[in-house]
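Colleague: just the structure for this:
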Amino acid sequence: MKKELKKEIMNLVESTKNVFVSSVDENGFPNTKAMMSLQHDDLFTHYFSTNFSAKRTQQFLKNPKSCIYFCNEAEFRGLMLIGTMEVCTDMEHKAMLWHEGFEIYYPDGINTEDYCVLKFTSEKGNYYHGLKNITFFVEDVKDEDD
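Modeller: From the prediction side, this is the model:
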């Protein structure tokens, strides 16, 4: 992947506030909801906070297959990442993603039992812009970074 293209994709990731997150329900159908994009390590690892009791969390515990989608409607650009979602309940992840103001939802802070972190790890992606679809695999992009 060319550096300019990777920069363009990362710009989309950085500028997207709400990401569409998809899970698979018990009947094998996709379920999608918008979630705030709180943090990412790179193009390949993204984090979301939610309730452990949430429907989506329970779906990920049963089937970790997931897809997240970033879009810029004004420029008609989109990035779909396909991978797996891990439900993290350890203090390290909970503290890492904690933000001031979360107390309204989680009154006991990071110790709230119903607070958890979703960690998405992508395997492949598809970037759409200017009537072009570019499909890539994570290992190919990582190899280019080395």
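Colleague: quick check: residue 77 touching residue 129?
Modeller: Yes: shown here, residue 77 and residue 129 form a contact pair, counting by CB atoms under 8 Å, at 4.4 Å. Yep, even glycine has a C-beta here, placed from its N, CA and C like the rest.
Colleague: so for the helix or strand hosting residue 31, what gets flagged as buried?
Modeller: Remark: residue 31 resides in strand 30-36, with elements defined by DSSP states H and E. Neighbour counts over strand 30-36 (16 or more other CB atoms under 10 Å) mark residue 35 as buried.
Colleague: pull the residues that contact it.
Modeller: 17-25, 48-50, 55-56, 59, 67 (CB atoms under 8 Å, 6 or more residues apart in numbering).
Colleague: so which other helices or strands are in contact with the helix ranked longest in the chain?
Modeller: Ordering each helix of the chain by length in residues (DSSP state H) puts helix 3-15 first. Packing partners of helix 3-15 (3 or more CB pairs under 8 Å, 6 or more residues apart in numbering; DSSP states H and E): strand 65-72, strand 77-88, strand 115-129.
Colleague: what sits against residue 80?
Modeller: Contacts of residue 80 (CB under 8 Å, 6+ apart): 67, 68, 69, 125, 126, 128.
Colleague: and if we set it to 10 Å?
Modeller: With contacts defined as CB atoms under 10 Å, 6 or more residues apart in numbering, residue 80 is in contact with 20, 22, 67-71, 122, 124-128, 133, 135.
Colleague: same check on residue 20?
Modeller: Contacts of residue 20 (CB under 10 Å, 6+ apart): 32, 33, 34, 35, 67, 68, 69, 70, 71, 78, 80.
Colleague: okay, now the sheet partners of the helix or strand hosting it, with direction.
Modeller: Per DSSP H and E, residue 20 falls inside strand 18-24. Applying DSSP bridges, strand 18-24 is found paired with strand 30-36 (antiparallel), strand 65-72 (antiparallel).
Colleague: mind listing what's buried along the last one?
Modeller: Of all the residues in strand 65-72, those buried under the rule 16+ other CB under 10 Å are 66, 67, 68, 69, 70, 71.
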